[in-house]
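**Student:** Sequence and predicted structure below; questions after.
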Amino acid sequence: MPNTVVVGTQWGDEGKGKIVDLLTAEADLVVRFQGGNNAGHTLVVEGNKFIFHLIPSGILYEGKKCLIGNGLVVDPGVLLKEMENLEQAGIHVGPERLALSEKAHIIMPYHKALDLAREAAKGKEKIGTTGRGIGPCYEDKAARVGIRAIDLTEPDTLEKKINACLKEKNFYLERFLESEALDSEGVLREALTFGEKLSPFLTDVSLELEEALKQHKNILFEGAQGTHLDIDHGTYPFVTSSNPVAGAACAGAGIGPGQLHHIVGVVKAYTTRVGAGPFVTELTDKTGDFIQERGKEFGSTTGRRRRCGWLDLVVLRDSARFNGLNSLAITKLDVLTGLETVRVCIAYAWEGQMLQSRPASLTRFAKCTPVYKALPGWQEDISGARRLEDLPAQARAYLDLIQEETNIPLSIVSVGPAREETIMIQNPFHS
Ligand code: IMP
């Protein structure tokens, strides 16, 4: 059975949560490989509402093992809170169900302080980060001064590392960012408490995956954020600090590329963005408001109103290449119901040229204008559709255009938030 990777093809918030939830039914293990609690999705199961930022939602299925890979940056307080919420809802989360890579980097209080103070200092130029300390934590990882999960279990090592780090961070926080310094004893005490609580969950994710592969188990790799927030391939500097592209599943979990068999790109039927940065198909008119309201486009991590716009196939074609997509999962098609006309951006116009891919220069990108193809909309409620044939001809034409322009087959079409409001064309685990 093929191991499957689910990635976002746009700027995050594509509805990966629902697709991951559907595919988890076929998986034995669910693995996250990058990002941190900048991600978030909400699931309602039997009247209980769960918001997940770190733990794969696969935890709600009995018998599935959820792994948090080395590629993540983990806020231990947030992780423990998520575990506690699950326990309160009667879902026991023991080490047999959930494990955290010993090598994952830990978001420390100074990472959050730096993230917030820097954004505040940037004023209008800010990136619009989630303020969760993601960037500063990845910076420390690259600078080789990061704290890894395993360090939380070694008090002497931890103390030395925290003291060395805080010397520099406090100087920077106080003297440059005019913010408050942190007390190293308090930081150490809290980190050690977290370490005690998390130590039973620490594991070598790579070894666990090797064992699972030997036993021919199905592995689902759950990407966070979206391809155009990728630090290498996204709209830099308006990006996150990790690699949400599929290839990162290897480095972020400790397996080889040959073990990834099917890459599903999740595509929202329109485009959204939270945070700053150019957005070619953005709609600041009534149609944008319609999509925002109908799609309930508020961030589940920060509650911010998401910017909305038409589907951008330039973005999608770039994503197909960066990820090597094998199939597309289209989400929230139902949100477009009721529009007289739907538009799809098929190219960018820039200084008299037609661009088929996004320019690296952000200055050029900001000057690109969309070249649209207009299609007639549909008025019928499509949430009851379970086969492509059940959709109105206009909705099918919309899907056909996406398929033709990207040359990638559709595996799933989601027509509503519920599990059953889905057209399963070809389950990636069965391909
Ligand atoms: P950071 O990841 O908090 O550093 O934020 C960097 C950029 O990525 C900001 O524009 C955020 O709004 C965006 N971002 C981070 N995580 C997500 C996500 O899960 N969905 C959508 N946007 C995100």
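**Tutor:** Ah, there it is. Numbers count the residues shown, from 1 in each chain.
**Student:** and the residue of the stretch 201-350 of the chain found nearest the ligand, helix, strand or coil?
**Tutor:** When C-beta to the nearest ligand atom is the measure, the stretch 201-350 of the chain has its nearest residue to the ligand at residue 275, with 2.1 Å between them. Backbone N, C-alpha and C define where each C-beta goes, glycine included. Recorded secondary structure, residue 275: coil (DSSP: H, G, I helix; E, B strand; the rest coil).
**Student:** so what's it up against?
**Tutor:** The contact partners of residue 275, taken as C-beta atoms under 8 Å, 6 or more residues apart in numbering, are 127-129, 238, 304.
**Student:** With residue 431 instead?
**Tutor:** Residues in contact with residue 431 (C-beta under 8 Å, 6+ apart) are 2, 262, 326-327, 411.
**Student:** Then residue 228?
**Tutor:** Applying C-beta under 8 Å, 6+ apart, we find residue 228 in contact with 10-11, 234-235, 239, 315, 318-319, 358.
**Student:** thinking again about what came up before, quick one: which of the contacts of residue 431 is most hemmed in?
**Tutor:** Taking other C-beta atoms under 10 Å to define a neighbour, the member of the contacts of residue 431 with the most is residue 411, carrying 24 neighbours.
**Student:** mind checking the SS state of residue 67?
**Tutor:** Going by three-state DSSP: residue 67 is strand.
**Student:** So it sits against residue 27, correct?
**Tutor:** No - proximity of residue 67 to residue 27 does not meet the contact threshold set by C-beta atoms under 8 Å, at 11.3 Å.
**Student:** What pairs with the helix or strand of the chain with the lowest mean pLDDT, parallel or antiparallel?
**Tutor:** Of all helical and strand segments in the chain, the minimum by mean pLDDT, DSSP states H and E falls on strand 41-45, at a mean of 79. Strand 41-45 pairs in its sheet with strand 48-52 (antiparallel), by DSSP bridges.
**Student:** where do the helices sit along this structure?
**Tutor:** Per DSSP state H, the chain carries helices over the ranges 16-24, 76-88, 109-122, 134-142, 155-171, 184-198, 205-214, 248-253, 286-294, 313-323, 362-367, 393-406.
**Student:** how deep is residue 182 tucked in, by neighbour count?
**Tutor:** Other residues near residue 182 number 19, with proximity taken as other C-beta under 10 Å.
**Student:** Please report the distance of it from residue 175.
**Tutor:** Using C-beta to C-beta, to the nearest Å, residue 182 is found at 14 Å from residue 175.
**Student:** can you tell me which residues contact residue 89?
**Tutor:** 48, 50.
**Student:** Show me the longest strand that occurs in the chain.
**Tutor:** Longest strand in the chain by number of residues (criterion: DSSP state E): strand 341-350.
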